[in-house]
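Undergrad: Following is a predicted model, sequence given first.
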Amino acid sequence: MPLYSTQNIKLYNSLSGEKENFTPIHEGNVGMYVCGPTVYSNVHLGNVRTFMSFDIIFRYLIHLGYKVRYVRNITDVGHMVDDIDEGEDKIAKKARLEQLEPMEVVQRYTVDFHQTLKAFNFLPPSIEPTATGHIIEQIEIIKQIVASGIGYEANGSIYFDVVKYNENHNYGILSGRNIEDMLANTRDLDGQSDKKNPQDFALWKKAEQQHIMRWPSPWGEGFPGWHLECTAMSTKYLGNHFDIHGGGMDLKFPHHECEIAQNEACTGQTPVNYWMHANMLTLNGKKMAKSTGNNILPGEILSGDNTILSKPFPASVARFFMLQAHYRSILDFSDDAIVAAEKGYKRLMEALDTLNQIPTSKTSSLDIAAWKQLCYDAMNDDFNTPILIAHLFEGVRYTNILKDGKETLTEADLTTFKKAMNDLLFDVLGLENEKSSNSQNDKLEGTVNLLIEMRNQARADKNFALSDQIRDQLLAIGIQLKDGKEGTSFTI
Ligand code: AMP
Ligand code: ZN
């Protein structure tokens with residue numbers, strides 16, 4: 001019997017604003033779509049947090065025995081600067097500034113995204129489609145929206161008429177916004193735009209002569225609007241009606257609101273049963289963002305190469321830091337907070353070693369089954385990782401009193417306990433035991449320090465050929481020595 005038949009998940013649905021029982025459309029199967037990154041620069045730690053929130057959901061669903069099709073796209077066209085229809089495509093702009101082909105920009109930052117997620121131990125999604133790989137599907141959807149009378153052509157571009165749509169549907173159903181207020185609060189377009197209403201959004205934009213990213217369409221050469229790609233890719237791989245759609249909180253409006261409108265205009269049905277939104281990672285109390293520079297890069301966590309950080313931190317510590325907050329709460333990053341997280345993470349990893357030293361007994365004085373169910377209850381309650389972590393720390397306390405012989409477990413209970421600790425820490429939370437890689441780092445550090453001492457001795461002996469050789473050959477393998485007042489340090 002799969003685990004999911006005994007565990008009832010309740011998840012917070014942004015559409016209803018309530019926690020709801022999770023019932024997949026097809027028993028035992030879950031379809032989940034998450035908006036992926038716009039690959040025009042390196043992902044920052046805030047982006048990683050949102051993707052991690054959904055990595056946890058993916059992991060837990062798999063752990064419960066669901067067959068999950070997880071689709072997370074790559075946005076490689078159509079996302080305009082400042083998220084508005086007018087202006088420049090983020091990728092085209094970067095390509096122009098750096099004198100690159102747009103696809104070089106896309107490739108560079110897609111590789112960075114994949115390397116980052118691998119370093120932070122993410123499970124890869126089942127399908128990772130790109131927007132440029134689904135232009136035909138997007139054009140087909142536009143044709144249907146135009147045929148329904150809700151899409152209109154203006155000067156080679158196609159727009160979605162939100163006012164017309166709102167006559168028979170509710171534009172604002174997800175974000176709770178009201179169309180009259182939206183229209184009242186938007187400045188008049190004064191004939192500067194081809195749109196009928198300021199709230200209308202682009203399905204297809206005509207490519208001006210200088211625009212490099214362009215495709216042929218029934219309306220001339222152009223490129224798709226940002227919201228459309230997710231409608232095309234989610235429905236292509238998950239069907240017109242699927243279980244979960246997620247993204248960061250800032251995508252709720254307009255991106256996800258527009259997705260719902262496109263789907264309903266096109267198929268007449270609501271696309272998604274559960275909308276899930278992850279909250280923001282902040283730095284100095286402000287949202288981490290690429291555009292403002294208020295961010296920290298995942299690579300900087302690993303290298304310690306940022307003035308905010310007192311030292312480097314393993315990826316699992318950063319993961320643990322983020323999972324100590326619930327995905328719907330804002331989390332502020334600070335050095336103190338990640339240092340504290342490292343202590344907690346180490347206590348958990350040490351407990352796993354101690355667990356192996358516990359003798360078994362004929363009777364159990366601790367109720368392991370009840371403790372384990374509390375762990376699952378936490379995850380079943382809208383994927384509450386901080387509560388789960390609190391129970392895992394209770395598991396650390398159990399481990400210590402068992403080792404001291406103050407409590408006892410039978411062999412069967414001890415096996416259950418060990419398995420649950422391992423499953424929850426590694427499979428569900430996606431942590432890795434960094435101890436083994438730390439000991440490798442210690443060895444490397446010891447070796448380089450020995451070479452630094454030998455170089456110092458060579459310099460004292462005026463054997464500059466040898467001291468230069470040590471410096472240059474270390475540099476050739478990527479280890480740079482830095483001479484300073486405090487002595488010689490190194491970076492890898
Ligand atoms: P983007 O590449 O800008 O489309 O963003 C990729 C994902 O990261 C989206 O789901 C955003 O909502 C999310 N995101 C952006 N900034 C933050 C942040 N500071 N904290 C958490 N998630 C974020
Ligand atoms: Zn999207």
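TA: Thanks, I have the structure now. Ligands and ions are numbered 1, 2, ... in the order given.

Undergrad: contacts, neighbours, all on C-alpha from now
TA: Fine.

Undergrad: give me every residue that touches whichever residue of the chain sits closest to ligand 2.
TA: Closest approach between the chain and ligand 2, counting by CA to the ion: residue 35, at 4.0 Å. By CA atoms under 8 Å, 6 or more residues apart in numbering, residue 35 lies in contact with 72-74, 230, 246-247.

Undergrad: Just name the closest of those residues to residue 317, please.
TA: Top of the list for closeness to residue 317, among the contacts of residue 35 and by CA to CA, is residue 247 at 23.3 Å.

Undergrad: Let me know the secondary structure of the closest residue to the residue of the chain closest to ligand 2 other than its chain neighbours.
TA: Leaving aside its chain neighbours, residue 35 sits nearest to residue 247 (5.4 Å; criterion: CA to CA, 6 or more residues apart in numbering). At residue 247, secondary structure determined by DSSP: H, G, I helix; E, B strand; the rest coil is strand.

Undergrad: in terms of contact, does residue 247 touch residue 52 like I think?
TA: No: at 10.7 Å, residue 247 does not count as touching residue 52 under the criterion of CA atoms under 8 Å.

Undergrad: Whichever helix or strand residue 32 is part of packs against which elements?
TA: Using DSSP states H and E, the element containing residue 32 is strand 29-34. If you count contacts as 3 or more CA pairs under 8 Å, 6 or more residues apart in numbering; DSSP states H and E, strand 29-34 packs onto strand 67-72, helix 226-238, strand 242-248.

Undergrad: at 7 Å instead, please
TA: strand 67-72, strand 242-248 (3 or more CA pairs under 7 Å, 6 or more residues apart in numbering; DSSP states H and E).

Undergrad: so which of those strands comes closest to ligand 1?
TA: strand 242-248 (3.1 Å; CA to the nearest ligand atom).

Undergrad: hang on, the earlier thing: next SSE downstream of the strand holding residue 32?
TA: Immediately after strand 29-34, counting by DSSP H and E, sits helix 45-63.

Undergrad: Which residues does that following helix contact?
TA: With contacts defined as CA atoms under 7 Å, 6 or more residues apart in numbering, helix 45-63 is touched by 68, 122-123, 247-248, 278, 280-281, 288, 296-298, 322, 327, 383, 427-429.

Undergrad: Now the buried members of those.
TA: By neighbour count, with 16 or more other CA atoms under 10 Å, the contacts of helix 45-63 hold 68, 122, 247-248, 278, 280-281, 288, 296-298, 322, 327, 383, 427-429 as buried.

Undergrad: can you tell me which of the residues you listed are up against ligand 1?
TA: Taking CA under 6 Å from any ligand atom as the test, ligand 1 is in contact with 247-248, 280-281, 288 out of the buried ones among the contacts of helix 45-63.

Undergrad: Max pairwise distance over the residues you listed: which two?
TA: 247 and 288 (15.5 Å).

Undergrad: give me the low-pLDDT residue ranges for this protein?
TA: 82-84, 187-192, 436-441 (pLDDT under 70).

Undergrad: and if we set it to 80?
TA: 78, 80-87, 185-193, 435-443, 485-486, 491-492 (pLDDT under 80).

Undergrad: Please list the residues of it that sit near ligand 2.
TA: Selection of the chain residues close to ligand 2 by CA under 5 Å from the ion yields 35, 230.

Undergrad: can I see the domain layout of the chain?
TA: 3-278, 304-428, 434-491 (automatic domain parsing).

Undergrad: mind listing which of the buried ones among the contacts of helix 45-63 are in helices?
TA: Residues of these located in helices (DSSP state H): 298, 322.

Undergrad: so how far is the longest helix belonging to the chain from its chain's centroid?
TA: Looking across the chain with DSSP H, the single longest helix is helix 435-460. Distance, stretch centre to chain centre, for helix 435-460: 36 Å (CA atoms, centre = their mean, to the nearest Å).

Undergrad: Please identify the buried residues of it?
TA: So, applying 16+ other CA under 10 Å, buried residues of helix 435-460: 448, 451-452, 455-456, 458.
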